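Visitor: need a 3D model of the sequence below.
(2 chains)
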There are 2 protein chains.
Amino acid sequence: MNRQFVAWARNTPRAMHQQLTAYLTAHFPFSAAELQTVLPCFALRRTKRNESLLTKGEVCRHVYFVNQGCLRAFYLQPDGHEATRYVAFENQFGTALKSFITRQSALEFLQTVEASELLAIAHADFYRLLATVPAWAGVYAAQLEGAYLVNTWRLESFITLDARQRYEDLLQTNPHIVRRLSNRLVASYLGITPESLSRLKAR
Amino acid sequence: MNRQFVAWARNTPRAMHQQLTAYLTAHFPFSAAELQTVLPCFALRRTKRNESLLTKGEVCRHVYFVNQGCLRAFYLQPDGHEATRYVAFENQFGTALKSFITRQSALEFLQTVEASELLAIAHADFYRLLATVPAWAGVYAAQLEGAYLVNTWRLESFITLDARQRYEDLLQTNPHIVRRLSNRLVASYLGITPESLSRLKAR
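Guide: Presented below is the predicted three-dimensional model:
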């Protein structure tokens, strides 16, 4: 963090933006002026657990940064079972990105898993920043690359691994999911039944 | 296309770059100078049909632009069946993008489907252009967004649609795949057997 920014940050009353500020300045070359443009676009939203942020059929109009808690994106399968696609924990972004980009109805739901403190940025602000703040374009490129890698690995793991291998991979690559989510949600992430998950855990 | 560029393009002997030039200038704000930096990074490669461009376990070091023909990325499943992830036709880019980004071994294979004329750009050139040519960063952002949307829809369609619905969606969104690829490859894209595909086509 450069000195100009540190001086500015000390003067800001926005404690709610501290984590986002730390995240952005640690990974991207934000000037103090750019930060002052970006941060006010993020509004605080406190939620209960299992609170809906987006329902299938709606257009996703926000990206969320997780200050505290976690949220997940999931599909409802034809047989009524849920399939969890993605989980965002503290200091990560989460949204129904395909709907956010295309402005078409989402096929998935977005919901908090725990009581959460989120920062929400609206679609218009997000794209205004993309056009005017070079460092923000860098944030988006990195998020998009990360989202591509996560989703592609999700697709690959369903094609190339069996349930036991997917569980062991999850333990290695994203242990938070196994530790913080209920068995029902972990199973829905792995594409197996809670009973099969219990058997895998028992080994 | 601006006049300066047209004048330059008329003087260039590189007919092999015509399609790429048309594609880049139609969608992105390339200056003539930027194009003169980008085009020489793309080398011509002529292939037979079913020619291997990348084998599982190798690190993917090239992105291909298809002048003529088509290529596909596919996984070999534990049971020996192929699962086709992506197909690139004329004027599209194709690569094993996850391996190209992460520089880790690919889980997938890359192969031409038809005899093809490709333009290949190497990893080092690709990232040098990203750092030095703003319009190229725009090309990458657009490719990444497109790749994210395609792969996410692939994941969603396997979760939310049955085989008949996936076939009908493919006919609507990417009929080239059904028209130009063999039944075996179309079936491997849909995740069904060639026999099931024949039944779907017969309806």
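
Visitor: which parts of chain A are strands?
Guide: Using DSSP state E, the strands found in chain A span residues A:43-47, A:52-54, A:62-68, A:71-76, A:82-88, A:93-94, A:109-112, A:116-122.

Visitor: please spell out which residues along the second one are buried.
Guide: Using 16 or more other CB atoms under 10 Å in any protein chain shown as the test for burial, strand A:52-54 gives A:53-54. For glycine as for every other residue, the C-beta is placed from the backbone atoms N, C-alpha and C.

Visitor: cool, the fifth one as well?
Guide: Under the neighbour-count criterion of 16+ other CB under 10 Å, strand A:82-88 has A:82-88 buried.

Visitor: ok, the first one next?
Guide: Of the residues in strand A:43-47, those scored as buried under the neighbour-count criterion (16+ other CB under 10 Å) are A:45, A:47.

Visitor: need the longest helix for chain A.
Guide: helix A:134-160 (DSSP state H).

Visitor: anything in it near chain B?
Guide: Yes - shown here: helix A:134-160 in contact with chain B (CB under 8 Å from any CB of the partner chain) through A:137, A:140-141, A:144-145, A:147-149, A:151-156, A:158-160.

Visitor: on that earlier part again, got JSON lines for the strands of chain A, with mean pLDDT and distance to A:Arg164 too?
Guide: Listed next are the strands of chain A as JSON lines, based on pLDDT from 0 to 100; distance: least, CB to CB, whole Å:
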{"stretch": "strand A:43-47", "mean pLDDT": "97", "distance to A:Arg164": "34"}
{"stretch": "strand A:52-54", "mean pLDDT": "98", "distance to A:Arg164": "32"}
{"stretch": "strand A:62-68", "mean pLDDT": "98", "distance to A:Arg164": "30"}
{"stretch": "strand A:71-76", "mean pLDDT": "96", "distance to A:Arg164": "22"}
{"stretch": "strand A:82-88", "mean pLDDT": "95", "distance to A:Arg164": "18"}
{"stretch": "strand A:93-94", "mean pLDDT": "97", "distance to A:Arg164": "28"}
{"stretch": "strand A:109-112", "mean pLDDT": "98", "distance to A:Arg164": "28"}
{"stretch": "strand A:116-122", "mean pLDDT": "97", "distance to A:Arg164": "32"}
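
Visitor: quick one: which of those strands is nearest B:Phe109?
Guide: strand A:82-88 (25.5 Å; CB to CB).

Visitor: what angle do helix A:134-160 and that closest one make with each other?
Guide: Counting by axes from the mean of the first three to the mean of the last three CA atoms, to 10 degrees, strand A:82-88 lies at 140 degrees to helix A:134-160.

Visitor: do strand A:82-88 and chain B meet?
Guide: Yes - applying CB under 8 Å from any CB, one finds that strand A:82-88 is in contact with chain B at A:83, A:85.

Visitor: just checking: what are the partner strands of that strand?
Guide: Applying DSSP bridges to the sheet, strand A:82-88 is found paired with strand A:71-76 (antiparallel).

Visitor: residues in contact with the partner strand?
Guide: Strand A:71-76 is contacted from outside by A:53, A:56, A:64, A:82-88, A:94-96, A:107-113, A:116, A:118, A:181, A:185, A:188, B:156, B:159-160, using CB atoms under 8 Å, 6 or more residues apart in numbering or on different chains.

Visitor: mind listing what the nearest residue to A:Pro134 once chain neighbours are set aside touches?
Guide: Nearest residue to A:Pro134, sequence neighbours excluded (CB to CB, 6 or more residues apart in numbering or on different chains): A:Glu34, at 7.8 Å. With contact set as CB under 8 Å, 6+ apart, A:Glu34 has these partners: A:133-136.

Visitor: which two in those are spaced the farthest apart?
Guide: Among these, A:Pro134 and A:Trp136 lie farthest apart (CB to CB), at 7.2 Å.
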